[in-house]
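Participant: Any chance you could fold what I've pasted below:
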Amino acid sequence: MITCLFYGGVRMKRCIAGLVVILLLFPLVARAEGPIIEEADFDQLRVQVEALQSQPATFAKKEKKVRPEKNKTSSIEEIDESAVVEKPSTTKSIDEVKMKMDVKVAPAFRKYPREGAFRAGIVGPGIYAGNKSIDAMMGIGAEGEYFFFENLSGGLHINLATDFKSDPSPNTILSFVPQARYVFDFDRHPRWSAYVQAGIGIALIDGAHVAADIAIPGGGVWWQWDEKFSVGFEISLHVLARGETAVAFFAGPAFRYQF
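Facilitator: Predicted structure coming up:
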């Protein structure tokens with residue numbers, strides 16, 4: 001009997017403790033659920049929204065305003081046209097401002113002045129061909145020039161041509177040609193320039209025979225990639241004067257950089 005009461009008392013204590021915990025947690029659970037909207041409140045809110053939607057828009061501004069004159073009747077026929085004052089259209093002004101903000105002006109192309117500057121470049125790889133047993137060769141050249149004036153420069157052009165063969169015909173031609181160059185600029189197309197050049201130097205044929213290299217005429221065009229770097233195309237004529245005078249030409253792309 002005592003044992004049964006003991007176990008019954010223990011169960012009763014557990015039930016009471018559980019009930020206390022539930023009572024303590026109930027306010028927290030009820031608060032976490034959030035506010036409950038009554039049906040009457042919802043109907044009142046819906047009526048207010050419908051009333052707002054049914055009201056006409058009152059924020060539109062009038063474009064014209066009539067200023068009545070003193071000591072005159074307000075009839076439509078006697079209103080002076082000078083009394084009509086037009087209000088500035090704010091919508092037009094806003095559109096113009098937006099248009100000005102949206103338009104992006106690209107920076108104008110600007111190239112460095114050439115006078116007093118040094119420019120170096122590579123011409124080729126290109127084709128070098130001529131008569132008197134000068135077969136088609138691959139040619140490549142390097143040059144440097146100094147601009148004494150904005151359009152006039154003087155420099156040295158070194159050119160090497162070879163066909164990678166070992167037959168009796170000329171297989172290599174190495175030339176050193178001091179030359180002058182004049183540049184023509186185009187005002188409407190500032191990135192483009194054309195030039196003519198001429199020079200007289202020496203050429204070493206097959207590493208043993210020396211000849212005069214008369215590089216007249218020559219010229220080309222170039223396009224300014226940015227302020228200092230340019231790409232273009234060049235062609236030049238070479239008269240190789242020795243025991244047997246030969247004529248050759250060289251053509252190829254050109255890449256130059258101005259310091």
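Participant: Is the residue nearest to Val196 when sequence neighbours are not counted in a helix, a strand, or coil?
Facilitator: Spatial nearest neighbour of Val196, excluding adjacent residues (C-beta to C-beta, 6 or more residues apart in numbering): Gly219 at 4.2 Å. Just so you know, the C-beta spots here come from the backbone N, C-alpha and C atoms, and that holds for glycine as well. Three-state assignment for Gly219 (DSSP: H, G, I helix; E, B strand; the rest coil): strand.
Participant: In contact with Gly219, which residues?
Facilitator: 194-197, 234-236 (C-beta atoms under 8 Å, 6 or more residues apart in numbering).
Participant: Could you do Gly144 as well?
Facilitator: Gly144 sits next to 118-121, 155-156 when contact means C-beta under 8 Å, 6+ apart.
Participant: where's it relative to Ser175, distance?
Facilitator: When C-beta to C-beta, to the nearest Å is applied, the distance between Gly144 and Ser175 equals 15 Å.
Participant: And Ala241, by the same measure?
Facilitator: 12 Å.
Participant: Give me the more crowded residue out of those two.
Facilitator: The residue with more neighbours, out of Ala241 and Ser175, is Ser175; 26 against 14, by other C-beta atoms under 10 Å.
Participant: hmm, who's touching the one helix or strand the more buried one maps to?
Facilitator: Remark: Ser175 resides in strand 172-185, with elements defined by DSSP states H and E. With contact meaning C-beta under 8 Å, 6+ apart, strand 172-185 is reached by 114, 128, 134, 137, 145, 150-162, 193-207, 213, 215, 218, 238, 240, 248.
Participant: Go through it and flag the buried ones.
Facilitator: By neighbour count with 16 or more other C-beta atoms under 10 Å, strand 172-185 contains the buried residues 173-175, 177, 179, 181, 183.
Participant: ok, that strand: who's next to it in the sheet?
Facilitator: If you go by DSSP bridges, strand 172-185 pairs up with strand 152-162 (antiparallel), strand 192-205 (antiparallel).
Participant: Could you dump the ones you listed into CSV with mean pLDDT added?
Facilitator: Formatted as CSV, the strands paired with strand 172-185 follow (pLDDT from 0 to 100):
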stretch, mean pLDDT
strand 152-162, 96
strand 192-205, 96
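Participant: List the buried residues of stretch 183-203.
Facilitator: Neighbour counts using 16+ other C-beta under 10 Å place 183, 193, 195, 197-199, 201, 203 of stretch 183-203 among the buried residues.
Participant: among those, which two are most distant?
Facilitator: Across the buried residues of stretch 183-203, the longest distance by C-beta to C-beta is 28.3 Å; it joins Ser193 and Ala203.
Participant: next structured bit after the helix or strand harbouring Val239?
Facilitator: Using DSSP H and E, Val239 sits within strand 229-241. Using DSSP H and E, the helix or strand that follows strand 229-241 in sequence is strand 246-258.
Participant: how about that next one: buried residues?
Facilitator: So strand 246-258, judged by 16+ other C-beta under 10 Å, has buried residues 246, 248, 250-252, 254, 256, 258.
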